[in-house]
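1. Okay, predicted coordinates and the sequence, questions at the end:
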Amino acid sequence: MRQIFAIYSRDIHNVMTNWVALVIIGGLIFLPSLYAWFNIKASWDPYGNTSQLSIAVANNDEGAMLRDKELQIGQEIIKALHDNHSINWIFTDETEATRGVTHGDYYASIIIPSDMSSKIASVITPNPQKAEIIYQVNEKINAISPKVTAKGASSIIEQVNENFVETASATIFQIMNELGIELENELPNIQNLTKLIFKLETMFPEINQTVTTAVDDLDRVSGILDKMQQKLPTIAQVATDGQDLTTKLSEFFEHGEETINTIGPDLKNNLILLQQVTSSTEQLTGMLQDVNINKEDILTPIVHIKKRLTTSVGVLDRMNGVIQKINNFHPTNKLSDVINKLEQVKAKFNKQIEILNSIYDHVDKGEKPTQSLIDSLNQLSKDASAILGDLIDRWDRDITSSIVDALQTANRMAKNANDILKEASASLPDVNKIINDAVAGSTFGVNELKALQGKLPTIENKIKQLANKIRSLEQETNLQEVIDLLKLNAQKESDFWANPVLLKEIKLFPIPNYGSAMSPFFSTLSLWVGALLLVSLLTVEVHQPAGATAYRSYEIYFGRYLTFMTFAALQSVFVTLGDIYLLDCYVTDKLWFVLFGILLSIVFMLIVYTLVSVFGNVGKAIAIVLLVLQLAGSGGTFPIQLTPPFFQMINPYLPFTYGISMMREAVGGILWDIVQRDMFKMLSYAAVALLIGLALKRWINRGSEGFVQKAKKSGLIH
């Protein structure tokens with residue numbers, strides 16, 4: 001031990017007494033700090049400056065008319081972009097946009113075609129067409145800019161889609177709301193008509209009894225006729241009021257049929273939009289197959305697809321509720337098949353959301369989702385798309401006609417009641433004339449009474465038929481439930497359809513900026529670079545002083561390493577303190593950040609020093625190769641799961657893997673079980689380096705002495 005510390009103390013004394021050596025050593029200690037600081041500062045907040053990325057926007061949209069209202073989708077997009085400052089939007093024409101992207105003046109361009117609004121408006125036609133926005137990107141300018149500009153373009157598409165869903169659903173609910181209000185206003189008249197018909201039905205036994213008594217007993221004819229005269233005005237008024245009410249009821253149902261014919265295409269378009277969601281999910285499964293995709297690039301689409309699937313589940317619930325109410329009017333419940341298929345799609349969407357949650361957890365942890373999860377997600381998307389495709393194909397051919405049939409059934413009931421009352425009203429003048437003649441003439445005979453008696457059963461039968469039909473309608477559906485459904489708040493329902501779920505984000509171990517998040521990687525890298533600088537400019541050999549006892553191999557190894565370790569530790573102190581106090585990097589545990597850095601410097605220096613001490617210049621080359629491998633294989637920048645299989649394979653065996661992990665714990669918040677694992681790994685690397693240095697140094701140095709001398713004679717290698 002005395003010889004080891006003698007070597008170390010002499011090295012320190014020589015440095016402190018030689019100002020040239022002191023300046024050189026000082027530079028070697030300080031240089032790694034510059035390497036770390038410049039890289040951290042350069043990557044401090046790259047995504048906070050996206051407002052400097054220029055994207056050209058050209059609007060060629062000619063507009064369209066939708067239900068006598070002017071539709072200008074292109075102008076709405078341009079107006080929204082004027083308020084969006086996340087990217088430097090350049091508003092120009094198509095020619096300049098294309099030229100600018102081609103020559104690199106703009107990173108990308110967005111062209112809104114002339115038929116944008118007209119294709120959006122086609123949603124209410126039998127042949128709706130999807131609108132397109134043309135996105136051009138120059139990928140040779142920069143590797144990252146296409147990813148950023150693509151997010152800007154996709155945000156425009158998402159905004160247009162969400163606005164369209166909200167507008168379409170608002171239109172549907174507004175029409176239904178108006179129908180509900182009109183039906184509620186007519187409800188008292190409908191109820192009065194029902195009561196009058198039921199009352200008239202109960203009165204006929206009394207009328208029949210009166211006529212029978214008149215036939216049997218002519219002496220009581222006057223009293224009987226008086227009673228009939230009292231009842232006939234009521235009957236006539238009931239028939240008149242009944243005709244008015246049944247006419248209004250028929251007009252209401254005809255208006256309901258017209259409304260369904262109007263909103264039918266909107267309901268069908270919702271099915272088309274739902275099918276587009278399944279297509280987006282299938283595209284996502286294709287992205288998940290790509291092992292080279294960036295974690296952030298895949299997490300954002302997963303969140304977006306989850307949001308769209310959740311919205312779609314709400315849309316399915318609302319559509320099923322409307323169709324279920326309409327189905328209650330249908331005599332054979334023919335729409336039950338549509339309701340069951342929508343429930344199947346809803347179940348598959350919910351299952352996709354569960355799978356996406358699992359995939360998100362895998363990706364967020366840096367793991368690749370299992371193939372079974374991806375295949376299940378893909379199959380569920382295809383199954384849901386097939387069901388929706390079947391409903392879309394059948395919509396105009398079968399489903400719309402079934403909806404109309406349900407309303408026509410109710411309409412026919414109202415018309416039949418009206419016809420019955422008309423027929424009854426037509427018969428009442430004859431009855432009234434007979435009674436008046438009987439009262440006026442004392443010669444009123446039994447034949448006339450029998451004629452009257454013969455007509456009463458027909459009238460009674462018509463009234464009973466109408467009453468039975470009303471009872472049947474009341475059993476099939478509850479009119480108040482229909483009114484409540486139609487009177488739902490249009491604005492609230494539309495807003496719910498557009499945004500049924502809000503994302504609540506909870507950040508664990510938050511780091512405020514990208515530069516601070518990258519400081520563990522660049523600081524660790526600079527410490528390895530610092531070790532390389534030291535072995536490149538300082539010798540690992542110890543020159544024997546004259547007359548001194550010959551040094552043993554392990555004494556030289558440890559004695560000179562203590563010198564290198566001292567300089568490496570000082571490098572780490574400069575790097576870590578500069579990160580904290582010069583760059584103002586976010587660090588939760590500052591003391592541990594400095595101590596972990598010193599530990600890494602000691603271990604890295606031991607590894608590099610051992611390689612050079614044992615293998616000479618070949619050891620320097622090995623240390624550089626290790627540096628190159630660790631840059632890509634440590635997971636310091638991109639998640640290791642996004643790198644090729646080779647780097648994933650070597651990742652668990654690289655010192656950087658655990659050094660960066662240890663520094664990240666100090667930056668974000670320490671979990672000591674992780675730190676203990678990382679420390680154990682680092683100490684294991686130190687133990688391996690010591691084993692190589694102590695076991696092989698003397699033998700390899702002796703064996704390679706001739707090789708080294710021969711290399712020195714070239715005049716190029718020292």
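-> Okay, I see it.
2. Hmm, residue 4 is touching residue 555, no?
-> Yes: contact between residue 4 and residue 555 holds when scored by CB atoms under 8 Å: they sit 5.2 Å apart. C-betas here are computed from N, CA, C, even on glycine.
3. what sits in contact with each of those two?
-> Between them, residue 4 and residue 555 share no contacting residue under CB atoms under 8 Å, 6 or more residues apart in numbering.
4. Show me what counts as buried in the one helix or strand residue 26 maps to.
-> Assigned by DSSP states H and E, residue 26 belongs to helix 19-42. Buried residues in helix 19-42, counted by 16 or more other CB atoms under 10 Å: 25, 28, 29, 31, 32, 33, 35, 36, 37, 39, 40.
5. do the same with stretch 309-325
-> 309-316, 318-320, 322-325.
6. ok so, going back, any chance of CSV for the buried residues of helix 19-42, columns pLDDT and distance to residue 595?
-> CSV is the format used below for the buried residues of helix 19-42 (pLDDT from 0 to 100; distance: CB to CB, whole Å):
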residue, pLDDT, distance to residue 595
25, 79, 23
28, 80, 22
29, 81, 18
31, 79, 22
32, 85, 17
33, 83, 17
35, 78, 21
36, 81, 17
37, 87, 20
39, 81, 22
40, 79, 19
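7. could those residues go into JSON lines alongside distance to residue 400?
-> Shown next, in JSON lines, are these (distance: CB to CB, whole Å):
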{"residue": "25", "distance to residue 400": "87"}
{"residue": "28", "distance to residue 400": "82"}
{"residue": "29", "distance to residue 400": "81"}
{"residue": "31", "distance to residue 400": "77"}
{"residue": "32", "distance to residue 400": "74"}
{"residue": "33", "distance to residue 400": "74"}
{"residue": "35", "distance to residue 400": "70"}
{"residue": "36", "distance to residue 400": "68"}
{"residue": "37", "distance to residue 400": "69"}
{"residue": "39", "distance to residue 400": "64"}
{"residue": "40", "distance to residue 400": "63"}
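8. per-residue pLDDT, residue 311?
-> Note for residue 311: predicted pLDDT of 86.
9. Sorry, slip of the keys, the one I care about is residue 294.
-> 68.
10. pLDDT weak spots in the stretch 501-650 of the chain?
-> 501-507, 544-550, 553 (pLDDT under 70).
11. now with 90?
-> 501-519, 521-522, 533-563, 583-584, 611-622, 627-644, 646-648, 650 (pLDDT under 90).
12. tell me the strands in it, going along the chain?
-> Counting by DSSP state E, counting those that start in this stretch, no segments of the stretch 501-650 of the chain form strands.
13. just to revisit the earlier point, considering the buried residues of helix 19-42, which is situated nearest to residue 607?
-> When these are ranked by distance to residue 607 (CB to CB), residue 32 comes first, at 15.6 Å.
14. got a list of what that closest one touches?
-> Contacts of residue 32 by CB under 8 Å, 6+ apart are 526, 527, 529, 530, 533, 571, 574, 575.
15. Can you lay out the residues you listed as TSV showing neighbour count and distance to residue 85?
-> TSV is the format used below for the contacts of residue 32 (neighbours: other CB atoms under 10 Å; distance: CB to CB, whole Å):
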residue	neighbour count	distance to residue 85
526	29	36
527	29	40
529	17	39
530	28	42
533	21	44
571	29	42
574	21	39
575	31	36
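16. about what we covered before: most widely separated two among the buried residues of stretch 309-325?
-> 309 and 325 (25.4 Å).
17. related to what we said a few turns ago, relative to residue 586, which of the contacts of residue 32 is nearest.
-> Closest to residue 586, out of all of those and judged by CB to CB, is residue 575, at 16.0 Å.
18. Surely the closest one touches residue 596?
-> No: look at residue 575 against residue 596 with CB under 8 Å: they stay out of range, at 11.4 Å.
19. Now the terminal residues of stretch 55-70, how far apart.
-> Its start and end residues considered, stretch 55-70 measures 28 Å (CA to CA, to the nearest Å).
20. List the buried residues of it.
-> Buried, per 16+ other CB under 10 Å, within stretch 55-70: 55, 56, 57, 58, 59, 61, 64, 66.
21. Mind listing residues that contact it?
-> Contacts for stretch 55-70 (CB under 8 Å, 6+ apart): 71-75, 77-78, 81, 87-94, 96-97, 100-101, 106-118, 120-121, 124, 149, 152-153.
22. ok, now stretch 354-372?
-> 288, 291, 295, 298-299, 302-303, 305-306, 309, 373-374, 376-377, 380, 635, 639-641.
23. In helices, which of the residues you listed fall?
-> Taking DSSP state H as the definition of helices, these contribute 288, 295, 298-299, 302-303, 305-306, 309, 373-374, 376-377, 380.
24. now, which of those residues sits nearest residue 693?
-> residue 295 (39.0 Å).
25. Any idea which helix or strand in this protein has the lowest mean pLDDT?
-> helix 490-498 (a mean of 54; mean pLDDT, DSSP states H and E).
26. ok, back up a step: okay if I get the contacts of residue 32 as TSV plus distance to residue 675?
-> Below are these laid out as TSV (distance: CB to CB, whole Å):
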residue	distance to residue 675
526	21
527	17
529	24
530	23
533	28
571	22
574	23
575	19
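27. Closest one of those to residue 338?
-> Nearest to residue 338 among the contacts of residue 32, with distances taken as CB to CB, is residue 526, at 65.4 Å.
28. Can you tell me the closest non-neighbouring residue to that closest one?
-> Computed as CB to CB, 6 or more residues apart in numbering, the closest residue to residue 526 that is not its neighbour in sequence is residue 36, at 3.7 Å.
29. isn't the one you found right next to residue 522, touching?
-> Yes: the criterion here is CB under 8 Å, and residue 36 meets it with residue 522 at 4.8 Å.
30. Any idea how many residues pack against residue 636?
-> Neighbour count of residue 636, defined by other CB atoms under 10 Å: 22.
31. thought residue 527 was touching residue 571?
-> Yes: assessed by CB under 8 Å, residue 527 is found in contact with residue 571 at 6.5 Å.
32. And the contacts of residue 32, which is closest to residue 653?
-> Nearest to residue 653 among these, counting by CB to CB, is residue 527 at 18.8 Å.
33. For the closest one, which non-adjacent residue is spatially closest?
-> Setting aside the residues directly before and after it, residue 527 is nearest to residue 601 in space (CB to CB, 6+ apart), at 4.9 Å.
34. Now for residue 587, how many residues are close by?
-> 22.
35. Tell me how far it lies from residue 368.
-> Distance, residue 587 to residue 368, using CB to CB, to the nearest Å: 31 Å.
36. What strand or helix carries residue 331?
-> With DSSP H and E as the criterion, the answer for residue 331 is that it lies in no helix or strand.
37. Run through the residues that contact residue 693.
-> So residue 693 contacts 557, 561, 609, 610, 613, 614 (CB under 8 Å, 6+ apart).
38. Closest to residue 468 out of these?
-> Among the contacts of residue 693, and counting by CB to CB, the member closest to residue 468 is residue 610, at 102.5 Å.
39. So this structure: which segments form each domain?
-> Listed by automatic domain parsing, the domain ranges of the chain are 58-139, 161-498, 509-701.
40. And the contacts of stretch 522-530?
-> Outside stretch 522-530, the residues touching it (CB under 8 Å, 6+ apart) are 28-29, 31-33, 35-36, 39-40, 43, 568, 571-572, 575-576, 579, 597, 600-601, 604, 608, 627, 630-631, 636, 656, 659-660, 663.
41. ok so, going back, now for residue 527 and residue 571: what residues contact both?
-> Both residue 527 and residue 571 are contacted by 32, 601, under the criterion CB under 8 Å, 6+ apart.
42. what sits against the nearest residue to residue 336 once chain neighbours are set aside?
-> Nearest non-adjacent residue to residue 336, counting by CB to CB, 6+ apart: residue 327, 6.3 Å away. Residue 327 is in contact with 333, 334, 335, 336, 339, 406, counting by CB under 8 Å, 6+ apart.
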